[in-house]
Structures are given as C-alpha cells and as structure tokens.
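**Student:** give me coordinates for this.
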Amino acid sequence: MTKVLVVDDEPQIVRALRINLSARGYEVVTAADGAAALRAAADAHPDVVVLDLGLPDMDGDDVIAGIRGWSTVPILVLSARVDSRDKVTALDAGADDYVTKPFGMDEFLARLRAAVRRAAAHTADEPAVVETAAFTVDLAAKKVHRDGVEVHLTPTEWGILEVLVRHRGRLVAQKQILREVWGPSYATETHYLRVYLAQLRRKLEPVPSRPCHLITEPGMGYRFEV
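**Tutor:** Sure, this is the predicted structure:
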C-alpha cells in the first residue's frame, strides 16, 4: 500500500484528499504544519508527500528543503500560489511537481501516480538491505537484525539510523539529523543525539565503547560506515 503524507492546514482540503486517496487504496497520514510534517516524514516514512506551501509555522519551501536534506521521497506541491516564481522556488528547493489550487482531482491523482512511478524507477537499483559485519538494516521493511534476531528500535532510533544509513559513508551534520527526526525547533538539542546514539550503539555495535559503524565526528555530526 502506497503511503501518502498530506501536509495542509485547510481541513476541507485534507478531508477531500483523505477520502479520494483512501478510496483508491492509499494509506493517508496528515500534518497541519511544517514541524509536524518533518516529524511525520521521519516517523511515517511516506512513499510520497503532498505539500501546501502556506503553512502556519513555516514556509513550505523550508519543509521541502528539510526533507531533501535526507530523503528523495517524491514531493508534490499543492498550492494556491500561481506566480511562476513561487513554482520555480519550490521546484529548485526539491519539489518534484506543482499543482495549483483549485485543482481537478483526476489531474492531481495522475500527477501523484507519475511521481510515485518516477521514484520507484529511480530507486529500483538502490540496495534495500545494507549489511555490516555486525548487523543488517532493511530500509524497505524498516527492520534491523543482529545475529539473525530482529533488534527492536524505537521510532526515534530508527529515524536516526535511517538518516545515517541513507547517507552511508558521508558526514551528516547534527542539526540536519535533529531537524529531520525531531523538527526545526530542536536544531540545537545536540544532547538528544548523544543519548540516542549511545542507545543505538548498545543495541548494534559489537563494542559500544569503540563503535565501528556509528561514528562520531566531534563537533560536526555522525557518519555510518559499513
């Protein structure tokens, strides 16, 4: 089942999209503001995001940029802004398509299907399972196994691990992880990361005090190494 994250603060739009998408077999998750959208994107792992730009707490372009910091999930903008500059800004920020309000449901659904198809084609060759000497991460199933046994991770632990695994071999800044997993208002709460990385290492690293997969880059961020 394709999971759609709908981000809009207009209840009537959300209701109409939920009814139409659910009737066609989609699973629908909703968020009414930017902070909730970033949290939902990290926690719910949607297959596609439908995003309004005029959100109460931040501009939709900032939400796009935040999601793009760690995810290639297709983003379909659904906005009343018709100025071409707004469209260009959203697309440059990382949106995949742009539909203006008011919109026809048939056209919207066609654009949504096209975005999902493109994303599926793009990710077809990417490994869904990442193996280390100590554990295996299944990005598609959202599961981790160690010594053949599934390791229970909290949603937050999984969110951090997924960000790092998808950027494996590269430094991921502390602020980026905080923004994507907790939301933009938590960008300075670096102690959260220390606590959760310690938990992840206890669960996954052969020697937690000498990690070889979940690496700290002091003062900068973290890096996942296979």
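
**Student:** residue ranges of each domain in the chain, please.
**Tutor:** As recorded under automatic domain parsing, the domains making up the chain are 3-123, 129-224.

**Student:** what segments of this structure are helices?
**Tutor:** In the chain, the helices defined using DSSP state H lie at 11-23, 34-44, 60-68, 84-93, 105-123, 155-166, 174-181, 190-204.

**Student:** redo the ones you listed as TSV? Include mean neighbour count, distance to H145 and mean pLDDT.
**Tutor:** C-beta coordinates here come from the backbone N, C-alpha and C atoms, glycine included. Output for the helices of the chain, formatted as TSV (neighbours: other C-beta atoms under 10 Å; distance: least, C-beta to C-beta, whole Å; pLDDT from 0 to 100):
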stretch	mean neighbour count	distance to H145	mean pLDDT
helix 11-23	14	33	95
helix 34-44	22	21	90
helix 60-68	22	28	88
helix 84-93	15	36	85
helix 105-123	14	21	83
helix 155-166	21	13	90
helix 174-181	22	22	83
helix 190-204	16	10	92
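
**Student:** tell me which of those sits nearest to A133.
**Tutor:** Among the helices of the chain, helix 190-204 comes nearest to A133, with 11.2 Å by C-beta to C-beta.

**Student:** how about the CA coordinates for stretch 79-90, as PDB?
**Tutor:** Output in PDB follows, covering the C-alpha atoms of stretch 79-90 (Å, rounded to 0.1, in the frame of the first residue of the first chain):
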ATOM      1  CA  SER A  79      -0.700  25.400  -3.500                       C
ATOM      2  CA  ALA A  80      -2.800  28.400  -4.200                       C
ATOM      3  CA  ARG A  81       0.300  30.300  -5.300                       C
ATOM      4  CA  VAL A  82       0.200  30.700  -9.000                       C
ATOM      5  CA  ASP A  83       3.200  33.000  -9.600                       C
ATOM      6  CA  SER A  84       5.800  31.300 -11.700                       C
ATOM      7  CA  ARG A  85       8.500  32.500  -9.300                       C
ATOM      8  CA  ASP A  86       6.800  30.500  -6.500                       C
ATOM      9  CA  LYS A  87       6.800  27.500  -8.700                       C
ATOM     10  CA  VAL A  88      10.400  27.800  -9.600                       C
ATOM     11  CA  THR A  89      11.400  28.300  -6.000                       C
ATOM     12  CA  ALA A  90       9.600  25.200  -4.900                       C
END
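
**Student:** starting at the chain centroid, how far to it?
**Tutor:** The chain centre lies 23 Å from the centre of stretch 79-90; the measure is C-alpha atoms, centre = their mean, to the nearest Å.

**Student:** now do stretch 166-173
**Tutor:** 15 Å.
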